[in-house]
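**Q** pasting a predicted model and its sequence here:
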Amino acid sequence: QVQLVESGGGLVQAGGSLRLSCAASGRTFSKYAMAWFRQAPGKEREFVAAISYRGGSTDYADSVKDRFTISRDNNNNTVYLQMNSLKPEDTAVYYCAVDSRPWTMVLVTTATTYSYWGQGTQVTVSL
């Protein structure tokens, strides 16, 4: 059984920063790519960022490129999302997810590729 626990969400003013964390257990974390998705009220879940199993490759949605940074610490089974220059449109529940394919270097943005999900952490950006 894989467990993912997100933390670090909260309320921040526009232009501010937050750092999300996702702690993983129950699987050999270092074998799998990881990703962050988000879902705003009334909208579909959307891809935010992904990182390869060793951390050497990353991918970002255009809407967050140059503002967000994904990273991972395989020694501590944790993936991070550093979010800078936050905007009100970044308001959403943020979820981390584990890729279903071990050892892959091909990062994908489709939610169906990811087999395990956390419970989500709320990020609210005010004007």
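**A** It's in.
**Q** distance of the residue lying closest to Y80 once chain neighbours are set aside relative to L107?
**A** Nearest residue to Y80 in three dimensions, chain neighbours excluded: S71, at 4.9 Å (C-beta to C-beta, 6 or more residues apart in numbering). No exception for glycine: its C-beta is placed from N, CA and C like everyone else's. According to C-beta to C-beta, to the nearest Å, S71 and L107 sit 14 Å apart.
**Q** settle it for me: which of the two has more neighbours?
**A** Between S71 and L107, L107 has the larger neighbour count (other C-beta atoms under 10 Å), namely 19 against 14.
**Q** show the contacting residues for T78.
**A** Contacts for T78 (C-beta atoms under 8 Å, 6 or more residues apart in numbering) come out as 21-24, 72.
**Q** let's see 7 Å
**A** The neighbourhood of T78, defined by C-beta atoms under 7 Å, 6 or more residues apart in numbering, consists of 21-23, 72.
**Q** kindly report the same for Q13.
**A** The contact partners of Q13, taken as C-beta under 7 Å, 6+ apart, are S126.
**Q** state the distance from it to E6.
**A** The value you get for Q13 to E6, if C-beta to C-beta is used, is 21 Å.
**Q** nearest residue to the middle of the protein?
**A** Among the residues of the chain, W36 comes closest to the average C-alpha position under C-alpha atoms, centre = their mean, at 2.1 Å.
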